[in-house]
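S.K.: Sharing a model that was predicted from the sequence below.
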Amino acid sequence: MSNVTPANPASVAKSINRSKDAATAVSSVVEASNPVQGPNTIVAATKMTGSQAIVRSLEELGVKDVFGLPGGAILPTYDPLMDSTKINHILVRHEQGAGHAAQGYAMVSGEVGVCIATSGPGATNLVTALADANMDSVPMVAITGQVHSAFIGSDAFQEADIVGITMPITKHAFLVTDPEEIPRVMASAFYLAQTGRPGPVLVDITKDAQQGDMTFSWPPKVDLPGYRVVTKGHNKQLREAAKLIAGASRPVLYVGGGVIKANAHEELKAFAEFINAPVVTTLTARGAFPDSHTQHVGMPGMHGAVSAVTALQQADLLITLGARFDDRVTGVLSSFAPNAKVIHADIDPAEISKNRTADVPIVGSLDEIIPQLQEACTTRFEADPPQDLASWWGLLNRLRETYPIGYTETHDGLSAPQNVIERIGALTGPEGVYVAGVGQHQMWAAQFVKYERPRSWLNSAGLGTMGYSVPAAMGAKVAQPDRVVWAIDGDGCFQMTNQELATCVINQIPIKVAIINNSSLGMVRQWQTLFYESRYSNTDLNTGHGTARVPDFVKLADAYGCVGLRCERDEDIDATIQQALAINDRPVVIDFVVSADSMVWPMVPSGVSNDQIQFAKGMTPEWEEED
């Protein structure tokens, strides 16, 4: 019998084997012939401790970098980790930083990010990052120490049921009490994290399992009953989708982050050009389709472009690829795209028809489904030519010209934050990586940086985690050291995890941090301005112009060993950014002092239809001319 103890079996079945019947009905089922990740070196039976087995498993799985913080319950594993010549361990200053760094590492590389923490508070400090990774489908494995198995349930020092805590916010969570199970569980965790819909997996290992003796061999046998990865779309569904596409006069490719997760951006571009449909890319899909492409009509959603929001609202067909009809995209769901039929392709059958009923559901991996869909359309179009989309493009082009993403000049003499972010993107270019926190600066970074390639834009989209940016940028830079990595952060977000600047300095990780300092919790302040009669309850942070400047971000950067710069005038923006770009031997922190009155537009107020999108305060587009 296995001593790997899963928590709630019902939860496990729900998270690992979602909608098995639906998957079987609409797609072929493919079992991986070799589910063990890594080079699969053959390792003969060797005696070692459980802790040594953890480290050796990581090595055999091909892990090169891990982020962590030691403590009592994981200390047995940190000892053999010191001897590893294959794994670079980066000591963070807070476990949340380790989790977000693992996310950033995974998002830019496509590999599994790894973080390590001790039991109790060390493990619970990972919860936010795990929930974040789960919402945004980030492949990540978190290894935590646990108290001795004999003490579990006794409220022992630094004990917490981290498996029970994280089961709802991970793809799966394991508790290991037998050292012999470590290789199999580690291989299973990586397989689960990276296959199907990616996500975080937790491996909690008791102290006695780490210290106990075991016989290590590799590769282990991975057997996950009920977990089958669906990859190819069902031919009947593909033919039905092609039929709808041929008959649509207002189709839209509604593209979500799943396209990037599936590495299907090239297939998307070829298919979009083949059917000549407009493309919208959600917040997690920025870069999946080039911004410069004539068929890209913008980002949809609460702060999306008028052209993108309207394209969805007035479409007669949504070709939905790796998107989940999130509330920030749909607004009031009952009024979203009211006249559109829906083709919905996704690796996760649980997402299909969860929020919006799909007329044609297709379960599978988008890198296989999109070429299959193009082939089906090719066949269909021979007998049933597609509709002329000239009128549809005429409408969308007028919307793009009439309501472009823009901003107004400030009235207080301070810089416009949109201008700062636009210049960062322009001077760095599309080969850079841009990592945002959460709030106004996040939306501006999504709007005003031009994304031409996938995995260049990282943000906490689903969970909206303040404090994400700096550690995620750190992880991204470790994964891709030759790229310029910007953490575009707010003065509120930055103060939640800026201790990871110490990690960056000590480990020579030269990220660049742009603090968009409006001296407030900007998005909350915007809502207070618009919906609470400008009653600014507890949103002033006293970090910016004319305040106590607590903290002084330039002095803080200096104290951490970074280069600290401040920019308070429009005429200095380019020179300051260029100065930061020229420094590559340590982190750079720039305090961009900007206006607190700048707002994110366009905006769909919460609780109303997307038809009521405003491109400025109290101003909605004139629809008569497009009808």
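M.R.: Alright, I've got the coordinates.
S.K.: wait, isn't Asp540 in contact with Ser520?
M.R.: Yes: look at Asp540 against Ser520 with Cβ atoms under 8 Å: they come within range, at 5.5 Å. Glycine gets a C-beta too; all of them are placed from N, C-alpha and C.
S.K.: The residue most central in space within the chain and Gly364, how far apart?
M.R.: By Cα atoms, centre = their mean, the chain has its centre lying nearest to Asp136, at 4.3 Å. Asp136 sits 21 Å away from Gly364, going by Cβ to Cβ, to the nearest Å.
S.K.: which regions of the stretch 1-150 of the chain lie under the pLDDT threshold?
M.R.: Across the stretch 1-150 of the chain, residues meeting the criterion (pLDDT under 70) sit at 1-33.
S.K.: Now do the strands in it.
M.R.: According to DSSP state E, counting those that start in this stretch, the stretch 1-150 of the chain carries its strands in the segments 27-30, 43-49, 65-68, 88-91, 113-117, 140-146.
S.K.: Of all those, which one comes closest to Gly462?
M.R.: Closest to Gly462 of the strands of the stretch 1-150 of the chain, according to Cβ to Cβ: strand 140-146, at 14.1 Å.
S.K.: number of nearby residues for the closest residue to Thr330 other than its chain neighbours?
M.R.: In this structure, Thr330 finds its nearest non-sequential neighbour in Phe336, 4.0 Å apart by Cβ to Cβ, 6 or more residues apart in numbering. For Phe336, the count of nearby residues is 20 (other Cβ atoms under 10 Å).
S.K.: pLDDT score for Phe336?
M.R.: You'll see Phe336 listed with a pLDDT of 97.
S.K.: got it, and Pro300?
M.R.: Per-residue pLDDT puts Pro300 at 98.
S.K.: show me what contacts it?
M.R.: Going by Cβ atoms under 8 Å, 6 or more residues apart in numbering, Pro300 touches 254, 280, 282, 308-309, 311-312, 329.
S.K.: Now for those residues: which two are most distant?
M.R.: Thr282 and Ala311 (12.8 Å).
S.K.: Which one's more surrounded, the two?
M.R.: For Thr282 and Ala311, the more surrounded residue by other Cβ under 10 Å is Ala311, and the numbers stand at 30 against 26.
S.K.: Spatially nearest residue to Ala519, not counting backbone neighbours?
M.R.: Careful, residue 519 is Ser; it's not Ala. Closest residue to Ser519 apart from its sequence neighbours, by Cβ to Cβ, 6+ apart: Gly544 at 2.9 Å.
S.K.: mind saving the C-alpha coords of stretch 214-222 as PDB?
M.R.: C-alpha atoms of stretch 214-222 as PDB (Å, rounded to 0.1, in the frame of the first residue of the first chain):
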ATOM      1  CA  MET A 214      15.200   4.300   1.000                       C
ATOM      2  CA  THR A 215      16.300   2.600  -2.300                       C
ATOM      3  CA  PHE A 216      16.400   5.100  -5.100                       C
ATOM      4  CA  SER A 217      16.100   4.100  -8.800                       C
ATOM      5  CA  TRP A 218      15.100   6.100 -11.900                       C
ATOM      6  CA  PRO A 219      12.900   6.400 -13.800                       C
ATOM      7  CA  PRO A 220      10.000   5.500 -11.500                       C
ATOM      8  CA  LYS A 221       6.700   4.200 -12.600                       C
ATOM      9  CA  VAL A 222       4.000   6.900 -12.700                       C
END
